[in-house]
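Participant: sharing a sequence plus its predicted fold:
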Amino acid sequence: MLTLSGISKHFGGLQVLEDVSLTVPEHGIFGLIGPNGAGKTTVFNLISGLLVPSAGTIDWAGRRLDGMAPFRITRSGIARTFQNIRVFREMTLIENVLVAMGDHSRDNVFRLILPLSRFRDVEQREEKTARELLSRVGLADKARLLAGTLSYGEQRRLELARALATEPKLLLLDEPAAGMNAVEKQHLMNEVTRLDESGLSILIIEHDMRFIMGLCEQVAVLNFGRLIARGTPDEIRANPEVVEAYLGRDDEPGSASGANLP
Amino acid sequence: MLAQQLVNAISLGGVYALFALGFTLVFGVLNVVNLAHGAIFMLGAYAALQAVIHLRLPLLASALVAMLITGVAGWLLDRLIFAPLRTRRAPHLAPMIATIGLAISLNSLVQGFFGAENLRFPVDALLAEGLSIAGVQITWLELRIIFLAFVLMAALLWGLKKTRIGCALRGLAESPKAAALMGVDVEGLFRMTSVIAAALGGVAGVLIALYTNAVFPQMGQPMLHKGIAVVILGGMGDIRGALLGGFFLGFAEVLSVAYVGSTMRDAVAFGLLFVILLFRPEGLFGKSAQRRA
Amino acid sequence: MEWLESFWATYSTLVLSVGTNVLLALSIYLTLACGLLTVANAAFMGLGAYTAGLLTINTGTPFLLALLLGALVPALVALIIGRPTLRLSGVYLAMATLAFGEVVRIVILNAENLTGGALGLNGIPQLTGWFEVMSAVSFTLYILLRLARSRVGRAMAAIRQDEIATELMGLNVRSYKLFVFVFGAALAGLAGALNAHFTFFISPNEYGFERGVEILAMGVLGGSGSPWGAVIGGLLITLLPELLRGLGHYRPLINGVILIVIILYAPRGIWELTRYVRFPTRTPTAN
C-alpha cells in the first residue's frame, strides 16, 4: 500500500502540488487524471524519488520513500514508465529488458572473474526471462532490433516490459496509451488487466478517458496541484468540479490534447 | 601599499572579466563550453604583435586589428564547428571536445609559425613611465589597459541592455525555441555571439600580453583555466557574474601574491574553483544553473 | 632472431609507448562508456608515475610492488574526490576534473623537496620491458572485454544513454560511475608507472593539458562502443606521428585535428565505423 500524506512541492516560487493525500491500495488499478500542468507527473517523480517533496511524507509497505535514492525505491518494488519515452535507443530490445533484470544488489565486478561457463549460465537464464517479457508485450519477434528503430507505440510497450523486468509490486504508468492506435490501446488494456489479475497494484496517469474509465476501480483528480475529487469512475463523471476542470467536455480517445487545456 | 594593490587588481581583474565575458556569452547563448577561448585569446596577442611590428601600428589600432582577426576566427569557429553540431543536435559534450581539439591545434600551429619562445611588444619607454597619485604608481600602459577594458565592458553591457539585438540575444539565452518562434534569426545571432565573444577574448589577449609583456603559444592555457574559474565563480552564462568573478579573481591573485607568495598562487585559484564546483556549482553569485548543463 | 634484436633496438620505445598509450586509452574508455567526460586522466597518470618512480628511486621497492602502488594511489585519490565530483554532470564534471588535474600538476610542481619540482625526476631505473607492458595490456583488455559483454557493460551503456531511466531500473548509477572513475584512474596510474620506468625522466609538464588532450583523442577516436575501439585509438594516435615523420613536431596539431574531425564526422568513433563497414545494414530478423 502506497500512502502520500500532505504532499506539497514547489519549485522556487511555483507551487506545483499542494497538500495532496492519496492512498493507492495494494491491489487494483488506480487512475490519476487532471488537465495538463495539474502536477500528475510530479506525483510520479516524487514517488519514484526523482524529486523530494517540499512537505509531507510518502510511505510504502512500512517504509518512508521520500528522501530515498531512486534506485532503492525501484528495488523496493515500484517501477515506472515515462511520459516522454526513455528507452535505451542504441540497445537492442532484449538488452533494454536485461538492464532492468536481476538482483542488482549482487552485481559486482568480481563476478567477472567467475568461470566463463557459470557466467554464461546466468546470462542464458536471464535472456530467457527477458524474451518471455518481450513476448508478453508482443515484441518477441523484434528482440534483436535496436530500440530506436521501433515505432512510438512499440517503444511504450518496450518500456512496459522493461518496467516489469524489475519485478515490481506497484507499477506507475505515465500516459501509457499516448501515441498508440486503437488496436494497440486495446492490447494495452488487456495487458494491464492481466497484470492486475496477477496481483500487481497499478497507478495510471492517462488522458484517454475511455481508457481510464474502462480500467480503473478508483480515480483521483488533480487540478492546479490540488486533489479535487476521488472515487469510482461513475462518481468522478458525475462530479461537477471535475466537469468544470475539464471545461465540461468528455475526452474522446485520440483527441486528448485539445480538450485538456486547464 | 593597499591602494597600489588596488590599482593592480583593477587592471588585472578588468582583463579577466573581459576574457570571461566572451566565455560566458558563448555558454549562455550557444550553450557551448568553448575551451578554445584561451587559444583565441593567444591568437589575439599574436595578431596585435604582428600589427605592431610589421605594420607599425600604434597599440590601440593593433588591438583593433586583433579584435578583427579573432572576430573572423569566431565566425569560422561557429560556421565550421558549432553550426554543424547544432544542426545535428549533437550532445552538449561534443562541441566542448571539438574546441579542445581546436585549442591544441591552434597552439601547435602558432608555435610552428612563431616558435615557442617568449615574444615582447616593443613598448615605448614613455608608456612604461607613469603618474604618481597620492603615492600610487600607475603607468600609462596600465591606464590604457584599464581604459580599454572598461570601455569594452561598458559597450557590451550597454549593447545587451539597450539595443534590439541585445534584447534578442538575451531572449535567445533564455529560450532558443521561443526566440525562433518570435521570428528572431537564431542562426545569425548564434554566429554573431561567437564573433563578439572571440573578439573580446582576442582583445583580452592583447591586454594581458601588454600587462605581462609576454607573448607565447601556451599563454591561453592558464588564462582559460582562470576564465573557467571566473565563470564558475560568477555562475555559468551569467554576464554580471563574469564581471564580478573577474574582479574577484584579480583581487584574490594580487592579494595572494602580495601576502602569501607567488608559488602556490595558481593552486589556490584552482583549488578554490574545485571547491566551488563541488559545493556551489551554480556559482557564488549566480542563480541556480546546475540543471542547464 | 637477429632482425628481432635490431627491430627491438630501434623500436623498443615505440612499442612500449603503444602499450602504455593503449592502457591510457582504455582508462578513458571506461568513463566515456558511461557517458562521463572526465579529463583528469593525465593527472592520474602523473600521480602513478611519481608514486612508482619515487618508490623505486628512494626506497628500492620491488618493481611489481611499485607498479601496483602506482595504480593504487591514483585509484585512492579518485575514490576520495569521486564521490563529490561525480555529483556534477556534463560540462561541469569536465571542468571540475580539468581543475583537479591542474591542482595535481601544480602540487607536484611545488613539492620540490619530494618531486624535484619543475626540474623533474631524474634517474628512474629502466625496468619496464615488453613483458610487463604486454601482460598489463592483455590482462586489462581481457577484463574490459568481459566487462563490456556483462551486466556491468550493459549498465554502463544504459547510463550513457539515459542516466535517469537507468537509475529507475534499480541500478545504483552513482556507484557505477564511481567504479569506472576509480578503475580508470588505476589504469592511468599503471600506465604512468610503466611509462616512467622506460623514459628514465619525468616532469610535471608531461602530465598537463597536452597529455590530457592526447588521451582524450585516443578515447574519442576509438569511441565508447567497445574496448577494441580504445585499442585502435591508442595505436593510431601513437603511430600516426611516426608515420607522418615530417609532422613530428606537430603532434598536438594532429591530435587536435583528429578530435575535431571525429566529433564532426564520426561522433561514435572509429570502432563504430568499422562495424558499419562490416554490416552495412542491420537485418531485421530475430537471430
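Facilitator: Thanks, I have it. All values reported here derive from a predicted model rather than from experimental measurement.
Participant: CA only for contacts and neighbour counts going forward, please
Facilitator: OK.
Participant: please name the residues that touch the residue of the stretch 1-150 of chain A found nearest chain C.
Facilitator: Closest residue of the stretch 1-150 of chain A to chain C, Cα to the nearest Cα: residue A:71 (4.1 Å). Listed by Cα atoms under 8 Å, 6 or more residues apart in numbering or on different chains, the contact partners of residue A:71 are C:167, C:168, C:169, C:170, C:171, C:172.
Participant: let me know the helix or strand that it is in.
Facilitator: helix A:70-75 (DSSP states H and E).
Participant: does chain C sit close to whatever helix or strand comes next after that helix?
Facilitator: Per DSSP H and E, the first helix or strand lying C-terminal to helix A:70-75 is strand A:78-80. Yes: counting by Cα under 8 Å from any Cα of the partner chain, chain C is contacted by strand A:78-80 at A:79, A:80.
Participant: show me the helices in the chain, by range?
Facilitator: Looking at chain A here, since you left the chain open. With DSSP state H, the ranges of helices along chain A come out as A:40-47, A:70-75, A:93-100, A:116-136, A:152-164, A:182-197, A:209-215, A:233-238, A:240-245.
Participant: correction: the question concerned chain B.
Facilitator: For chain B, the helices defined by DSSP H cover B:2-30, B:37-54, B:59-77, B:83-87, B:93-114, B:125-128, B:140-162, B:164-174, B:176-181, B:186-212, B:220-234, B:239-259, B:265-279.
Participant: out of those, nearest to residue A:187?
Facilitator: helix B:176-181 (36.7 Å; Cα to Cα).
Participant: from the rest of the structure, what touches the closest one?
Facilitator: Residues from elsewhere that reach helix B:176-181 (Cα under 8 Å, 6+ apart): B:168, B:171, B:172, B:186.
Participant: not counting sequence-adjacent ones, nearest residue to the residue of the stretch 1-150 of chain A closest to chain C?
Facilitator: residue C:170 (4.1 Å; Cα to Cα, 6 or more residues apart in numbering or on different chains).
Participant: ok, now how distant is that neighbour from residue B:3?
Facilitator: If you measure residue C:170 against residue B:3 using Cα to Cα, to the nearest Å, the figure is 60 Å.
Participant: need the residues of chain C near chain B, please.
Facilitator: Neighbours of chain B within chain C, by Cα under 8 Å from any Cα: C:37, C:84-85, C:88-92, C:95-96, C:99-100, C:102-103, C:106-107, C:110, C:210, C:213, C:249-250, C:252-260, C:263-264, C:267.
Participant: what is the nearest of the contacts of residue A:71 to chain B?
Facilitator: residue C:167 (17.5 Å).
Participant: now do the same for that closest one: its pLDDT.
Facilitator: Reported pLDDT at residue C:167 in the predicted model: 94.
Participant: please apply the same query to residue A:255.
Facilitator: Reported pLDDT at residue A:255 in the predicted model: 41.
Participant: same thing with residue A:252?
Facilitator: In this prediction residue A:252 is given a pLDDT of 45.
Participant: now do residue B:124
Facilitator: 67.
Participant: ditto for residue B:261
Facilitator: Residue B:261 is given a pLDDT of 66.
Participant: excluding its backbone neighbours, what's nearest residue B:250?
Facilitator: Nearest residue to residue B:250, sequence neighbours excluded (Cα to Cα, 6+ apart): residue B:13, at 4.0 Å.
Participant: any idea how far that neighbour is from chain C?
Facilitator: 20 Å (Cα to the nearest Cα, to the nearest Å).
Participant: tally of neighbours for that residue?
Facilitator: 26 (other Cα atoms under 10 Å in any protein chain shown).
Participant: residue C:134 against residue C:18, yeah?
Facilitator: No: look at residue C:134 against residue C:18 with Cα atoms under 8 Å: they stay out of range, at 10.2 Å.
Participant: which of the two has more neighbours?
Facilitator: Set residue C:134 next to residue C:18 and count neighbours by other Cα under 10 Å: residue C:18 wins out with 21 against 15.
Participant: return the residues in contact with the residue nearest to residue B:250.
Facilitator: By Cα under 8 Å, 6+ apart, the neighbours of residue B:13 are B:246, B:247, B:248, B:249, B:250, B:251.
Participant: with pLDDT added, can I get those in a markdown table?
Facilitator: Output for the contacts of residue B:13, formatted as a markdown table (pLDDT from 0 to 100):
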| residue | pLDDT |
| --- | --- |
| B:246 | 90 |
| B:247 | 89 |
| B:248 | 87 |
| B:249 | 86 |
| B:250 | 87 |
| B:251 | 86 |
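Participant: out of those residues, who's nearest residue A:147?
Facilitator: Looking across the contacts of residue B:13 and measuring by Cα to Cα, the closest to residue A:147 is residue B:246, at 47.2 Å.
Participant: tell me the spacing between that closest one and chain A.
Facilitator: 28 Å.
Participant: that residue touches residue B:10, doesn't it?
Facilitator: No: applying Cα under 8 Å, one finds residue B:246 not in contact with residue B:10, separated by 9.5 Å.
Participant: looking at the two, which one has more neighbours?
Facilitator: residue B:246 (31 against 20).
Participant: so which of the helices of chain B is nearest residue A:215?
Facilitator: helix B:176-181 (38.1 Å).
Participant: how about that closest one: buried residues?
Facilitator: The neighbour-count check on helix B:176-181 (16 or more other Cα atoms under 10 Å in any protein chain shown) flags B:176, B:179 as buried.
Participant: dump the C-alpha coordinates for it into CSV.
Facilitator: Below are the C-alpha coordinates for helix B:176-181, written out as CSV (Å, rounded to 0.1, in the frame of the first residue of the first chain):
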residue,chain,number,x,y,z
PRO,B,176,16.2,29.4,-28.2
LYS,B,177,12.8,27.9,-29.2
ALA,B,178,10.8,30.8,-28.1
ALA,B,179,13.2,33.2,-29.9
ALA,B,180,12.9,31.2,-33.1
LEU,B,181,9.1,31.3,-32.8
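Participant: low-scoring pLDDT stretches of the stretch 51-200 of chain B, where are they?
Facilitator: For the stretch 51-200 of chain B, residues meeting the criterion pLDDT under 70 lie at B:123-129.
Participant: closest point of it to chain A, which residue?
Facilitator: Counting by Cα to the nearest Cα, the stretch 51-200 of chain B gets nearest chain A through residue B:91, at 14.5 Å.
Participant: what's the burial count for that residue?
Facilitator: Count around residue B:91 with other Cα under 10 Å applied: 12.
Participant: okay, and residue C:109 sits in which element?
Facilitator: Going by DSSP H and E, residue C:109 is in helix C:90-110.
Participant: and the angle from that helix to helix B:93-114?
Facilitator: 40 degrees (axes from the mean of the first three to the mean of the last three Cα atoms, to 10 degrees).
Participant: which secondary structure elements does helix C:90-110 contact?
Facilitator: helix B:93-114, helix B:265-279, helix C:41-54, helix C:63-85 (3 or more Cα pairs under 8 Å, 6 or more residues apart in numbering or on different chains; DSSP states H and E).
Participant: what does the pLDDT read for the spatially closest residue to residue B:202 that is not a sequence neighbour?
Facilitator: Nearest residue to residue B:202, sequence neighbours excluded (Cα to Cα, 6+ apart): residue B:44, at 3.9 Å. We have a pLDDT of 96 for residue B:44.
Participant: thought residue B:44 was touching residue B:207?
Facilitator: No: counting by Cα under 8 Å, residue B:44 does not reach residue B:207; the two are 9.4 Å apart.
Participant: can you count the residues close to the residue nearest to residue B:202?
Facilitator: 34.
Participant: quick one, what contacts it?
Facilitator: By Cα under 8 Å, 6+ apart, the neighbours of residue B:44 are B:66, B:67, B:69, B:70, B:201, B:202, B:203, B:204, B:205, B:206.
Participant: out of those, who's nearest residue A:126?
Facilitator: residue B:201 (55.8 Å).
Participant: contact partners for the closest one?
Facilitator: Applying Cα under 8 Å, 6+ apart, the residues contacting residue B:201 are B:18, B:19, B:20, B:22, B:23, B:37, B:38, B:40, B:41, B:44, B:70.
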